[in-house]
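Peer 1: what shape does this take:
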Amino acid sequence: MTDHITDTAPEDLTPSEATPVGTPDVVVETDEHPQPLPQGFGEFGVRQDIVDSLAAEGIVHPFPIQAMTLPVALSGQDIIGQAKTGTGKTLGFGIPVVQRVVGRGDAGWEQLKKPGAPQALIVVPTRELAVQVGQDLSTAARTRDARVATIYGGRAYEPQIEELQRGVEVVVGTPGRLIDLNRQRHLDLSAVRAVVLDEADEMLDLGFLPDVEKLLAAVPEVRQTMLFSATMPGPVVAMARRYMTKPMHIRAAAPDEGATKKDIRQVVYRAHQLDKDEVVARILQAEGRGRTIVFTKTKRAAAKLADELISRGFAAAPLHGDLGQGAREQALRAFRNNKVDVLVATDVAARGIDVEDVTHVINFQCPEDEKTYLHRTGRTGRAGNKGTAVTFVDWDDVPRWRLIDKALELGIPEPRETYSSSEHLYEDLGIPKGTKGRLPRSKRTHAGLEAEVLEDLGEPGGRKAGPRGEGRGGRSRDRDANRSGGGSRRGQDRDQERREDRGERRSRREATPATDEPRGEARETSRETSVERTSDGTTRRRRRRRGGQGGGEAQRAQSGTAAE
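Peer 2: Now for the predicted structure:
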């Protein structure tokens, strides 16, 4: 491992942005190795009970970002950690958090000002990422008495409130639900001594930074703050300047390495929309293909493609914002438990899936920008494994793709025109000759989504947990939910979810075909006006319509003309 320590700002930060005046920023850079380092976690000062917990899960040696983060984080210093997705930064901050909190079995727990109040707060942008981080921290804390609570929207409030009332040491959650419970005084943040902001650039993209600042204002000023992000845009750096004290900047990446990970093979095709389903079905039969994630631009496209693949014999499951939280978690569990091996997802899953053996990622449409491309393709090639990223570019999206290609220096400005019958498709991806777009029955070895239990989460607002949901996001206006106090809570959940899939809804609007008929225009083929005399001697004009029915607004707009 090659370490570089300088007193200059990282490349993507200007000197004025890197740190506040008078606060030198130390930058630690390390090459990103494909394999863990030879040292064990114990050599970095990690407690033996945590080392044993990790070893029981087969986690023995740290990755570079963990090795560089652990000594600094365990000392209590503020950290800005920068590393590509899939490099193991969760345990880089998770182990120090679990180690530094005082558990019920530790000396001094009774002397705490508020025993049982959270001592550490970890804020993440999406529900799926909250679940993943919570599981990783629970793994590290398994043999010591440090309780980890995962708090996020889409689940019933009562179990989360009861868990907080019983007492926890670490809280992992999404901003909307955390703020809601804090306002209701169920979440006491006055004893927090460590705050972690994970995927800070994603929280910026989703509009969460104001919510994050509200949470930071609710915790004590004297604390350790750790911020982790793949990129460091200006607003994230500005927040770091306001809320961090002399942070050390740790960057796990080789100085001469490109933006994409070298363990991921990049393949880009210019594909026809009507042929994409067939191409995907043939790619899914490539030699050595393991778990695969197919990313779509809209929720409707994800549901449609998942149904199509299931009808072709593949063990597929959808994951998108229109699903209830129970169905979303069911799909992820089935994917992790290998009951399904194809997950068709929108970007809601791009930062919440940490499965090491994902071999292929397929972008069904061209991503919006280079950041989306990186986060999607980063679901494969994780933890030193190899991966393949296949991207379909429509004819209209070629200019957008060229910008992405230029920003990431991929060297593929002109995607190759490709169809399901193209010979180079078979050669590039190792697809056996003669493969068709339907999985043979002899190869259908996975149990499928139905084999995974659908958990009843008691979702706020009577939200359905079925595979498709009902209406917009499966929500229902349930009076019982209002009586139980769910009305205001549903508002918080809806606000958070709107931001989570804001870009997705915008894409759907762009994809919706315009109607040929102007809104509110009366569709009439003829009109007839007659004069009637009433009993009091006055006259009244009546207008009759034939050949169609006009809209109500158009009728009212024209009534004045008819009466003149």
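Peer 1: so Leu164 touches Leu181, yeah?
Peer 2: Yes. Counting by C-beta atoms under 8 Å, Leu181 is a contact partner of Leu164 at 7.1 Å. C-betas here are computed from N, CA, C, even on glycine.
Peer 1: quick one, domains of the chain?
Peer 2: With domains defined by automatic domain parsing, the chain comprises 3-103+117-252, 264-436.
Peer 1: hey, least reliable of those domains by pLDDT?
Peer 2: Among those, domain 3-103+117-252 carries the lowest mean pLDDT, at a mean of 83.
Peer 1: thinking again about what came up before, the more surrounded of Leu164 and Leu181?
Peer 2: Remark: of Leu164 and Leu181, Leu181 carries more neighbours, 22 against 19, as counted by other C-beta atoms under 10 Å.
Peer 1: send the alpha carbons of the host helix or strand of the more buried one over as CSV?
Peer 2: For Leu181, the host element (DSSP states H and E) is helix 175-183. Extracted in CSV, the C-alpha atoms of helix 175-183 (Å, rounded to 0.1, in the frame of the first residue of the first chain):
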residue,chain,number,x,y,z
PRO,A,175,-33.5,12.2,7.5
GLY,A,176,-37.3,12.3,7.2
ARG,A,177,-38.2,9.7,9.8
LEU,A,178,-35.4,10.9,12.1
ILE,A,179,-36.6,14.4,12.1
ASP,A,180,-40.2,13.3,12.6
LEU,A,181,-39.4,11.2,15.7
ASN,A,182,-37.1,13.9,17.1
ARG,A,183,-39.9,16.5,16.8
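Peer 1: and that helix, what's buried?
Peer 2: Within helix 175-183, the residues scored as buried using 16 or more other C-beta atoms under 10 Å are Pro175, Gly176, Arg177, Leu178, Ile179, Asp180, Leu181, Asn182.
Peer 1: re the thing from before, out of the domains of the chain, which is closest to Glu455?
Peer 2: domain 264-436 (5.2 Å; C-beta to C-beta).
Peer 1: which stretches in the stretch 151-300 of the chain count as strands?
Peer 2: Here the stretch 151-300 of the chain has its strands, by DSSP state E, counting those that start in this stretch, at 170-173, 194-198, 224-229, 248-252, 264-271, 291-295.
Peer 1: can you tell me which of these is most buried?
Peer 2: Of all the strands of the stretch 151-300 of the chain, strand 170-173 carries the top mean neighbour count, a mean of 28, counting by mean count of other C-beta atoms under 10 Å.
Peer 1: same for that one, what does it pack against?
Peer 2: Contacts defined by 3 or more C-beta pairs under 8 Å, 6 or more residues apart in numbering; DSSP states H and E place strand 170-173 against strand 120-123, helix 127-140, strand 148-151.
Peer 1: where's the residue lying closest to Lys433 once chain neighbours are set aside, which helix or strand?
Peer 2: Distance criterion C-beta to C-beta, 6 or more residues apart in numbering; nearest residue to Lys433, sequence neighbours excluded, is Tyr426 at 6.3 Å. Here Tyr426 sits within helix 423-429, counting by DSSP H and E.
Peer 1: and that helix, C-alpha only, in PDB?
Peer 2: Listed in PDB are the C-alpha atoms of helix 423-429, where the atom choice follows Å, rounded to 0.1, in the frame of the first residue of the first chain:
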ATOM      1  CA  GLU A 423     -22.500 -11.900 -33.400                       C
ATOM      2  CA  HIS A 424     -20.300  -9.500 -31.400                       C
ATOM      3  CA  LEU A 425     -23.000  -9.600 -28.600                       C
ATOM      4  CA  TYR A 426     -22.300 -13.300 -28.100                       C
ATOM      5  CA  GLU A 427     -18.500 -12.900 -28.300                       C
ATOM      6  CA  ASP A 428     -18.300  -9.800 -26.000                       C
ATOM      7  CA  LEU A 429     -20.300 -11.300 -23.100                       C
END
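Peer 1: now what about it, what contacts it?
Peer 2: For helix 423-429, the external contacting residues (C-beta atoms under 8 Å, 6 or more residues apart in numbering) are 267, 269, 279, 282-283, 286, 388, 390, 416, 418-419, 431-433, 435.
Peer 1: try it again at 6 Å.
Peer 2: Val267, Ile283, Ala286, Thr418 (C-beta atoms under 6 Å, 6 or more residues apart in numbering).
Peer 1: cool, and stretch 113-124?
Peer 2: For stretch 113-124, the surrounding residues in contact (C-beta under 6 Å, 6+ apart) are 97, 101, 109, 130, 133, 167-172, 188, 191-198, 212.
Peer 1: next one: stretch 141-154
Peer 2: Outside stretch 141-154, the residues within contact range by C-beta under 6 Å, 6+ apart are 49, 52-53, 98, 101, 103-105, 127, 130, 134, 137-138, 160, 163, 168-174, 176-178, 325, 459, 493, 496.
Peer 1: any of these buried? List them.
Peer 2: Among those, those buried by neighbour count (16+ other C-beta under 10 Å) are 49, 53, 98, 101, 103, 127, 130, 134, 137-138, 160, 163, 168-174, 176-178, 325, 459, 493, 496.
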